[in-house]
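Asks: Pasting the sequence and the predicted coordinates here, then a few questions.
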Protein chains: 4
Amino acid sequence: MATDAEQACFEAGIKFGSLYHQFAGTPVSPRSIESLERAMEEAIENQPYCVSVSVDIHEERVAAAIDHENGYTELTGSLMDVEMRIEYEERVVRTRMEMEGGYPLMRIVSVE
Amino acid sequence: MATDAEQACFEAGIKFGSLYHQFAGTPVSPRSIESLERAMEEAIENQPYCVSVSVDIHEERVAAAIDHENGYTELTGSLMDVEMRIEYEERVVRTRMEMEGGYPLMRIVSVE
Amino acid sequence: MATDAEQACFEAGIKFGSLYHQFAGTPVSPRSIESLERAMEEAIENQPYCVSVSVDIHEERVAAAIDHENGYTELTGSLMDVEMRIEYEERVVRTRMEMEGGYPLMRIVSVE
Amino acid sequence: MATDAEQACFEAGIKFGSLYHQFAGTPVSPRSIESLERAMEEAIENQPYCVSVSVDIHEERVAAAIDHENGYTELTGSLMDVEMRIEYEERVVRTRMEMEGGYPLMRIVSVE
């Protein structure tokens, strides 16, 4: 009923929603950025049709978000960029989450 | 770049991934099913382009999943059905999550 | 090995960490506050030794946190107060989470 | 009001509830176990008074839990053991989560 391209976009959306709501709220500090990036990438790459995930948590944003004596903050969309590549049948969808107008926006980069 | 229908499917996927990974793991018992259903529906309906969400957590499955003396279990996809309606520009996407082959499958019902 | 009072405090801490990290990140708007409060309370009250949970998400803080056109924000500790009563054997522990110095602090109110 | 030992136990409980409800539901497969273990440990070690966290996700249990064609499962307490060391003032609390009677039990190992 849906086209392969529409299915591919649906699958891409699932991965974004999953990544965001599974990991938002995780305690993060500059020293734990790298392990969290890897875990997020490898966890979501387990999902069907998900070929690759790249998570980039910005150290300077994490440092700026630490507003109390404990030395950590909680992961939110404003601290990271995410890129994903989804393949469904013959279609390839690339997606990206980045800040736009002060708000993390998930968007389709290309459908091929 | 993407068509309106592809965007609508992408948005529909985001909502499903969000709902699932935000609420999976929540302690649930027969007496707390109803409040959890309402909260899941209203939380995800806040998201852009999401017109309606219907969550049905099956009481008999919750009861069957309670395998210890504490009287509750944790929410998983196998305990519930979910339906959503997403509208993006002129396109309407209906989606559904239900058990198929012992595994909760998220799928597009229609793109109109 | 641990005293009943120490066990009671351990159980109280589990409930707080559970509540916070299960529900942080949930989309919330003024109209969905009430269903989310009820679901959080009833979900955590399922856990062992947890007699009562009271969640108060402040509407004016939610409204102030909505910083984009979509009309919702994500739940964080800064938007809510939480009170719990834990009973373990003969001991009663009351706990509270509230803002202190700009940071949500979970603390023991009394051990009786 | 609470003793240092009680505070230490409260803090220990918070870390357990946080770890469990932040990461339960994460997609996991044998190949992504290691990155998830590291991320869980380092994330929770950010929290106050938490000196060390050790997470051991059992590969054979993950493999056994994969019940569908996609090759992954979702993290639950039954797949892992966790140990933590909490220090509050002069008190040291060691805690452990492991399976007991088919159910993951969080418990205090020692208060010193």
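Replies: Everything's here; your move.
Asks: so where's chain A shaky on pLDDT?
Replies: A:68 (pLDDT under 70).
Asks: mind checking the longest helix of it?
Replies: If you go by DSSP state H, chain A has its longest helix at helix A:4-23.
Asks: Pull out the buried residues from it.
Replies: The neighbour-count check on helix A:4-23 (16 or more other C-beta atoms under 10 Å in any protein chain shown) flags A:5-23 as buried. Yep, even glycine has a C-beta here, placed from its N, CA and C like the rest.
Asks: show me which of these neighbour chain D.
Replies: Among those, proximity to chain D is found for A:18, A:22-23 (C-beta under 8 Å from any C-beta of the partner chain).
Asks: For chain A, which residues are neighbours of chain D?
Replies: So chain A meets chain D at A:18, A:22-23, A:25-29, A:31-32, A:35-36, A:38-48, A:70-72 (C-beta under 8 Å from any C-beta).
Asks: From the residues you listed, list just the buried residues.
Replies: Neighbour counting by 16+ other C-beta under 10 Å classes A:18, A:22-23, A:25-29, A:32, A:35-36, A:38-48, A:72 among these as buried.
Asks: Which of the residues you listed fall in strands?
Replies: Counted as lying in strands by DSSP state E, out of these, are A:27-28.
Asks: So which of the buried ones among the residues of chain A next to chain D reach chain B?
Replies: Applying C-beta under 8 Å from any C-beta, the subset of these adjacent to chain B comprises A:18, A:22.
Asks: For the spatially most central residue of chain A, list the residues it contacts.
Replies: With distances taken as C-alpha atoms, centre = their mean, the residue of chain A nearest its centroid is A:Val82 (3.9 Å). Neighbour list for A:Val82: A:16, A:19, A:53-56, A:96-98 [criterion: C-beta atoms under 8 Å, 6 or more residues apart in numbering or on different chains].
Asks: again, 7 Å this time
Replies: A:19, A:54-55, A:96-97 (C-beta atoms under 7 Å, 6 or more residues apart in numbering or on different chains).
Asks: Name the nearest of those relative to chain C.
Replies: Comparing the contacts of A:Val82 against chain C with C-beta to the nearest C-beta places A:Leu19 closest, at 11.6 Å.
Asks: Excluding residues flanking it in the chain, which one is nearest the closest one?
Replies: By the measure of C-beta to C-beta, 6 or more residues apart in numbering or on different chains, the closest residue to A:Leu19 outside its immediate chain neighbours is A:Ile44, 4.9 Å from it.
Asks: Okay, helices next: where are they in chain A?
Replies: Secondary structure of chain A (DSSP H): helices at A:4-23, A:33-45, A:59-65.
Asks: tell me what the longest one is packed against?
Replies: This means helix A:4-23. helix A:33-45, strand A:80-88, strand A:91-100, strand A:103-111, helix B:4-23, strand B:103-111 (3 or more C-beta pairs under 7 Å, 6 or more residues apart in numbering or on different chains; DSSP states H and E).
Asks: now these in CSV, with distance to C:Ser110?
Replies: Output for these, formatted as CSV (distance: least, C-beta to C-beta, whole Å):
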stretch, distance to C:Ser110
helix A:33-45, 36
strand A:80-88, 40
strand A:91-100, 44
strand A:103-111, 41
helix B:4-23, 32
strand B:103-111, 43
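Asks: Ok, which of those comes nearest D:Val62?
Replies: Proximity to D:Val62 (C-beta to C-beta) singles out helix A:33-45 among the helices and strands packed on helix A:4-23, at 12.4 Å.
Asks: CA atoms of the closest one as CSV?
Replies: In CSV, the C-alpha atoms belonging to helix A:33-45 read as follows (Å, rounded to 0.1, in the frame of the first residue of the first chain):
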residue,chain,number,x,y,z
ILE,A,33,30.5,11.5,26.0
GLU,A,34,32.4,9.0,24.0
SER,A,35,30.9,5.9,25.5
LEU,A,36,27.4,7.3,25.2
GLU,A,37,27.9,8.1,21.6
ARG,A,38,29.1,4.6,20.8
ALA,A,39,26.3,2.9,22.7
MET,A,40,23.6,5.1,21.1
GLU,A,41,25.0,4.3,17.6
GLU,A,42,25.4,0.6,18.1
ALA,A,43,22.0,0.2,19.9
ILE,A,44,20.0,1.8,17.1
GLU,A,45,22.0,0.1,14.4
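Asks: Now do that helix: distance to the chain's middle.
Replies: Distance of helix A:33-45 from the chain centroid (C-alpha atoms, centre = their mean, to the nearest Å) equals 9 Å.
Asks: Kindly report the same for stretch A:35-49.
Replies: Mean-position distance between stretch A:35-49 and its chain equals 9 Å (C-alpha atoms, centre = their mean).
Asks: so, in contact with chain B or not, stretch A:97-112?
Replies: Yes - using C-beta under 7 Å from any C-beta of the partner chain, we find that stretch A:97-112 touches chain B at A:106, A:108, A:110-111.
Asks: For burial, what's the neighbour tally of A:Glu60?
Replies: Residues contacting A:Glu60 under the criterion other C-beta atoms under 10 Å in any protein chain shown number 9.
Asks: again with A:Arg61
Replies: Number of residues near A:Arg61 (other C-beta under 10 Å) recorded here: 14.
Asks: nearest residue to it other than its sequence neighbours?
Replies: Closest to A:Arg61 by C-beta to C-beta, 6+ apart is A:Leu79, at 4.8 Å.
Asks: Equivalent analysis for A:Thr73, please.
Replies: In space, A:Thr73 is closest to A:Ala65, 4.1 Å off (C-beta to C-beta, 6+ apart).
Asks: That neighbour reaches A:Leu75, doesn't it?
Replies: No - between A:Ala65 and A:Leu75 there is no contact under C-beta atoms under 7 Å: 9.5 Å.
Asks: what about the two, which has more around it?
Replies: Each of A:Ala65 and A:Leu75 has its neighbours counted (other C-beta under 10 Å); A:Leu75 has more, 26 against 16.
Asks: So for that one, what's the nearest residue that isn't a sequence neighbour?
Replies: A:Thr26 (4.5 Å).
Asks: Against D:Thr76, how distant is that neighbour?
Replies: Distance of A:Thr26 to D:Thr76, given as C-beta to C-beta, to the nearest Å: 18 Å.
Asks: And for A:Glu69?
Replies: 34 Å.
Asks: Settle it for me: which of these two has more neighbours?
Replies: More crowded of A:Glu69 and D:Thr76, by other C-beta under 10 Å: D:Thr76, with 20 against 8.
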